[in-house]
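Colleague: what would the 3D arrangement of this be:
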Amino acid sequence: MSLVAVARRDGSQPMTAATAKLIFLLAAAASYVIRHPHQRRARKTPVRASVRDRQESMLVGIAAVGLGALPLVYVVSGFPRFADYPFAPAAGWLGTATFGLALWLLHRAHRDLGRNFSARLKLRESHALVTGGVYRRIRHPIYTAFWLYAVAQALLLPNWIAGPSGLAAFGVLFFCRVGREERMMIEAFGEDYRAYMARTRRIVPWLY
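Modeller: Numbers count the residues shown, from 1 in each chain. The predicted structure follows:
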């Protein structure tokens with residue numbers, strides 16, 4: 001099936017499985033465009049402390065498979081077709097809206113974090129504790145953005161493996177990593193970070 005949706009006679013654009021796949025590809029490309037300049041700039045800033053062990057590498061690899069490799073293989077080739085289920089247009093529209101929110105939050109979080117950003121568990125030289133912008137209510141808005149990304153993936157891709165693989169993979173990364181990240185921040189910022197933790201939530205304002 002072509003990834004290009006066919007317009008209806010009245011000129012409106014239907015939400016089809018092919019359209020949903022195209023939206024997923026565009027959103028994945030947009031997330032790369034958002035993150036790449038920050039990653040490139042971060043490489044130029046010296047590292048003060050980092051966690052580079054087997055667990056961290058495995059977690060990043062798992063997330064890359066679930067959020068990247070599996071859904072991309074499905075979109076391009078249709079594999080694994082045996083896990084397909086009927087596409088629901090309402091799920092496609094909801095997934096599109098969720099992706100829009102995820103990309104907006106990803107952009108804002110990277111902009112607010114500035115030179116303090118790192119895709120891995122690292123603290124940069126002159127690393128500052130950012131508590132403004134989208135960090136005012138939640139400590140990990142980039143994680144929130146990727147949770148939304150994973151939900152959108154599940155809604156847009158009607159396949160029991162490729163769709164929810166992002167939720168499963170990112171869930172493993174998040175729950176195995178967030179505690180380590182916060183311990184690193186406590187070691188770096190002490191009571192300032194403990195006070196920040198006391199007045200914020202991890203990924204959902206006022207809830208968690």
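Colleague: C-alpha only now, for contacts and for neighbours.
Modeller: OK.
Colleague: what sits up against stretch 186-206?
Modeller: Identification of contacts with stretch 186-206 by Cα atoms under 8 Å, 6 or more residues apart in numbering yields 129, 131, 136-141, 143-144, 185, 207-208.
Colleague: mind listing what's buried in that stretch?
Modeller: With burial defined by 16 or more other Cα atoms under 10 Å, the residues of stretch 186-206 counted as buried are A188, Y193, Y196, M197, T200, R201, R202, I203.
Colleague: just stretch 109-125 next, same as before
Modeller: So for stretch 109-125, counting by 16+ other Cα under 10 Å, buried means 109-113, 115-118, 121-124.
Colleague: export only the CA atoms of stretch 169-189, formatted as PDB.
Modeller: Taking C-alpha atoms only, stretch 169-189 is exported to PDB below (Å, rounded to 0.1, in the frame of the first residue of the first chain):
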ATOM      1  CA  ALA A 169      11.100  -0.500  25.300                       C
ATOM      2  CA  PHE A 170      10.900   3.000  26.600                       C
ATOM      3  CA  GLY A 171       9.300   1.700  29.800                       C
ATOM      4  CA  VAL A 172      12.300  -0.500  30.400                       C
ATOM      5  CA  LEU A 173      14.700   2.400  29.800                       C
ATOM      6  CA  PHE A 174      12.700   4.900  31.900                       C
ATOM      7  CA  PHE A 175      12.100   2.700  35.000                       C
ATOM      8  CA  CYS A 176      15.700   1.300  35.000                       C
ATOM      9  CA  ARG A 177      17.300   4.700  34.400                       C
ATOM     10  CA  VAL A 178      15.400   7.500  36.100                       C
ATOM     11  CA  GLY A 179      16.500   6.600  39.600                       C
ATOM     12  CA  ARG A 180      20.200   6.600  38.600                       C
ATOM     13  CA  GLU A 181      19.800   9.900  36.900                       C
ATOM     14  CA  GLU A 182      18.200  11.500  39.900                       C
ATOM     15  CA  ARG A 183      21.000  10.100  42.200                       C
ATOM     16  CA  MET A 184      23.500  11.700  39.900                       C
ATOM     17  CA  MET A 185      21.700  15.000  40.100                       C
ATOM     18  CA  ILE A 186      21.600  14.800  43.900                       C
ATOM     19  CA  GLU A 187      25.300  14.100  44.100                       C
ATOM     20  CA  ALA A 188      25.900  17.200  41.900                       C
ATOM     21  CA  PHE A 189      23.400  19.600  43.400                       C
END
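Colleague: so what's the gap between it and the chain middle?
Modeller: Stretch 169-189 has its C-alpha centroid displaced from the chain centroid by 15 Å (Cα atoms, centre = their mean, to the nearest Å).
Colleague: and for stretch 85-92?
Modeller: In this view, stretch 85-92 has its centroid 22 Å away from the chain centroid, taken as Cα atoms, centre = their mean.
Colleague: what's the first-to-last distance across that stretch?
Modeller: With Cα to Cα, to the nearest Å as the measure, the first residue of stretch 85-92 is 13 Å from its last.
Colleague: mean confidence for that stretch?
Modeller: Along stretch 85-92, the predicted local confidence has a mean pLDDT of 97.
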